[in-house]
Each structure stands twice: as structure tokens, then as C-alpha cells.
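Peer 1: Structure of the sequence below:
(one chain, ligands or ions: 2)
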Amino acid sequence: EVTKEFTANLPKAELHLHIEGTLEPELKLKLAQRNHIDIGQSTIEEVQKTYDYDDLASFLAVYYPAMNVLQKEEDFYELAFAYLKRAAANNVRHVEIFFDPQAHTSRGIAFETVINGLYRAVVDARALNVDAALIMCFLRDFSKESARKTLLEALPYKDKFIGIGLDSDEHNNPPLKFARQYEDAAAEGLHLTAHCDIDQKDSIEHIRQALEIMGVERLDHGTNIVEDPDLVQFAAKNQIGLTSCPLSNGFVSPEMKGKEILELLAQDVKVSLHSDDPAYFGGYIGDNYYQLADQFALTKEQVVQLAKNSFETSWISQEKKDIYL
Ligand code: ADE
Ligand code: ZN
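Peer 2: Numbering: from 1, shown residues only. Ligands and ions are numbered 1, 2, ... in the order given. This next block holds a predicted model:
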């Protein structure tokens, strides 16, 4: 039987974590006060009442306005370091953190303010025994020109992030919209991943574009791939990582997609478990492991395999991977 203690103690790699999604109500209120930002709520209960969503769009409508409390480099540092302390407590040994520069530059915050604050926390995480790195995401509901500008703005900071991703509202925003940015990022030696959220209008077509045309190494979510046996075979053969987020799934769909995750495991696809936006979806990575294991009666072997997959599809050196595999 898989206990809470077992999932808590298991060494894990966190590969699907939006740093802006770790903004807990306490810190949100503290930063609002410090930066004199009126967010319309003044108690934790009031903030929690706004956490009312049942699909991706209604979630994002709560998520983006809250980011306004992040103004100074120190705010980004504090957000990231608070998360990294939680990661250490969840036995996360390695974390690849998504950040959304356009969610900040679009409201007048300088790119360097964002990345310098986050990166300083990444460096300081070494003292917590957590190996951390950053992945820059493009907002797919912004234009490809905006993504281009963001990539060019980011390249001088290339030593501070290891890859690119694609997130935000997927509806009518296919991966191919950003083909040029992916090609250029790959040529710069950056790693590639992209969100293919669950149960989208064009899930299979988006997964196909990301895998076959853009050459991503991982798919974030991506569990709809089970509907297409050829793509499942492609993912297994090419060791594509699928970063699934059970608690997040449960918010935007009637269930956590446990059946699909188990089916992918059985077909040797490198699926793994993560937390997406833990401050908004009710739990950090240990909770994601435990709740899925509990509700879908996972064996210890299955849980261990999911954790191994997280290290195997991470972007750490083979030398470091060997420690965990
Ligand atoms: N940004 C933060 N969380 C996200 C998710 N689950 N899907 C798309 N964009 C996001
Ligand atoms: Zn996500």
C-alpha cells in the first residue's frame, strides 16, 4: 500500500511547476501591501473565495490579475525562494521552473527584474540541497511577434535558463504558431517543451505538431495522446516525457486522468507527476503523488516508476541522473 509517508519520502524531480502558480494567499497579501497594490481582497479567506474555476480559461482569469503584486526583483526572489523551501520539504531534488516573462513585461516590469530575481533564488537553492533551473514560457494567446521579441530579449540571459515552453490559453493557439521561435531556441542549444493541455478542442493535432514538427522533448500534460496509438508509439520510442498534473486535471475536468496515466505507464511512455500551479490547485508535488496513488490504487512499483521517469526525462546531466535511476 502506498502511504502518504512513502510518497513524501520518495526523491522526486519537479518538471511542471509555474512559479507564478506558487503565489500563496499569504504572500499575495503581503506583497500587495508592500507594493501598495489594491487586489480587491484583504484577507486570506477573501483571496481563497476568488479561487473559483472549472476550466483553463476561468482559471487563467483569476491567475493573471494576481501577478500584479509582483513588482520588484526582490518580490520574484521571495516568491521563488519560498517555493524552493517547500520543494526541499517535499523531497524534490531537482526542479525545472516555468516562468512567464510576458505576464510581467506586458504590465511594465522589465525582463531583467523577473529573471534576476528568480535566478538568484535558483542559486540560493543549492544551500537547500535542491538543484534548480528555469524554463522560459511563451504565452500562446499572445502574438508570435511578441514571442519573438521575448526570445530576443531573453537571449542575453541564456546562461540563466535551460529551455523554452509554451503555456496559457491553448484554444485556437496551436504549437505551430511558434515554430520559428522553437527552431531558433533549439539552434541556441535550449531545450524544448510545450503544454498540450488536457481535453482541448484540437488536442491530438497539437500533440502531433509539437512532437513531429517542432521536436519537443517533453509534453506538459499531453495525456490525450492515449487516443492515438501511433503517437503513443512515437512517444515511447523517443522517450518523450509527459508531465501530468493530477490535482490540476481534477480542477479542469471531472477527474485526475488516472486511467490515462496508468495506460501510458503500461505502454512504457515516460509519464511523470507534477503540481502545475500548487497554490491554486490544492497541493504540492507530494499531494499529487499521494492523491493519485490513493484514488487509483497505484502499486509502489508504479509510483517509483513515475518518480524515475521524472529524473529520466529531466534536463540534468547523465551523471546526476545516474544518482537517482
Ligand atoms: N499557466 C499556468 N498553468 C497553466 C496550465 N495548466 N495550462 C496552461 N497555462 C498555464
Ligand atoms: Zn502548466
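Peer 1: ok, the residue in the stretch 1-150 of the chain positioned nearest to ligand 1 to residue 318 distance?
Peer 2: Closest to ligand 1 within the stretch 1-150 of the chain is residue 18: 4.3 Å, counting by CB to the nearest ligand atom. Using the backbone N, CA and C atoms, a C-beta is placed for each residue, glycine as well. Relative to residue 318, residue 18 is positioned 27 Å away (criterion: CB to CB, to the nearest Å).
Peer 1: just residue 242 next, same as before
Peer 2: Relative to residue 318, and taking CB to CB, residue 242 is found at 21 Å.
Peer 1: For these two, work out which one has more neighbours and name it.
Peer 2: When residue 242 and residue 318 are compared on other CB atoms under 10 Å, the one with more neighbours turns out to be residue 242, at 26 against 7.
Peer 1: Beyond the helix or strand containing that one, next helix or strand please.
Peer 2: Residue 242 belongs to strand 241-244 when elements are defined using DSSP states H and E. Tracing the chain C-terminally past strand 241-244 and defining elements by DSSP H and E, one meets helix 246-252 next.
Peer 1: hmm, back to that, leaving aside the residues next to it on the chain, what's closest to the residue of the stretch 1-150 of the chain closest to ligand 1?
Peer 2: Setting aside the residues directly before and after it, residue 18 is nearest to residue 98 in space (CB to CB, 6 or more residues apart in numbering), at 4.7 Å.
Peer 1: which residues touch residue 137?
Peer 2: 18, 98, 99, 100, 164, 165, 166, 167, 168, 195 (CB atoms under 8 Å, 6 or more residues apart in numbering).
Peer 1: What pLDDT does the model give it?
Peer 2: Reported pLDDT at residue 137 in the predicted model: 99.
Peer 1: Specify the local secondary structure of it.
Peer 2: At residue 137, secondary structure determined by DSSP: H, G, I helix; E, B strand; the rest coil is strand.
Peer 1: Report the contact partners of the closest residue to it other than its chain neighbours.
Peer 2: Spatial nearest neighbour of residue 137, chain neighbours left out: residue 165 (4.1 Å); criterion: CB to CB, 6+ apart. Residues in contact with residue 165, defined by CB under 8 Å, 6+ apart, are 98, 135, 136, 137, 138, 193, 194, 195, 220.
Peer 1: State the number of residues packed around the first one.
Peer 2: Residue 98: 25 surrounding residues under other CB under 10 Å.
Peer 1: which stretch of helix or strand covers it?
Peer 2: Taking DSSP H and E as the criterion, the element that holds residue 98 is strand 92-99.
Peer 1: From the contact counts, what lies against that strand?
Peer 2: Packing partners of strand 92-99 (3 or more CB pairs under 8 Å, 6 or more residues apart in numbering; DSSP states H and E): strand 12-18, helix 73-89, helix 111-124, strand 131-139, strand 163-167.
Peer 1: Can you tell me which of those is most buried?
Peer 2: Mean neighbours per residue, mean count of other CB atoms under 10 Å, is largest over the helices and strands packed on strand 92-99 for strand 12-18, with a mean of 28.
Peer 1: Can you name the residues of the stretch 101-250 of the chain sitting close to ligand 1?
Peer 2: For the stretch 101-250 of the chain, the contact set with ligand 1 under CB under 6 Å from any ligand atom comprises 167, 168, 195, 197, 248.
Peer 1: which among these gets closest to residue 212?
Peer 2: Relative to residue 212, the closest of these is residue 195; by CB to CB it sits at 16.8 Å.
Peer 1: any idea how far residue 206 lies from residue 239?
Peer 2: Distance check for residue 206 against residue 239: by CB to CB, it reads 20 Å.
Peer 1: Ignore what I typed, I meant residue 28.
Peer 2: Distance check for residue 28 against residue 239: by CB to CB, it reads 38 Å.
Peer 1: any idea which helix or strand comes after the strand holding residue 98?
Peer 2: Along the chain past strand 92-99, the next helix or strand (assigned with DSSP H and E) turns out to be helix 101-105.
Peer 1: Can you name every helix or strand that that following helix contacts?
Peer 2: Where contact means 3+ CB pairs under 8 Å, 6+ apart, helix 101-105 is packed against helix 111-124, strand 131-139, helix 144-154.
Peer 1: The first one packs against which elements?
Peer 2: Contacts of helix 111-124 with other secondary structure elements, assessed using 3+ CB pairs under 8 Å, 6+ apart, are made with helix 73-89, strand 92-99, helix 101-105, strand 131-139, helix 144-154.
Peer 1: ok, now the last one?
Peer 2: Helices and strands touching helix 144-154, by 3+ CB pairs under 8 Å, 6+ apart, are helix 101-105, helix 111-124, strand 131-139, helix 179-187.
Peer 1: For ligand 1, what's its nearest residue on the chain.
Peer 2: Ligand 1 sits closest to residue 167 of the chain, with a gap of 3.6 Å, by CB to the nearest ligand atom.
Peer 1: Confirm for me that that residue is in contact with residue 243.
Peer 2: No: the pair formed by residue 167 and residue 243 falls short of the contact definition of CB atoms under 8 Å, at 11.7 Å.
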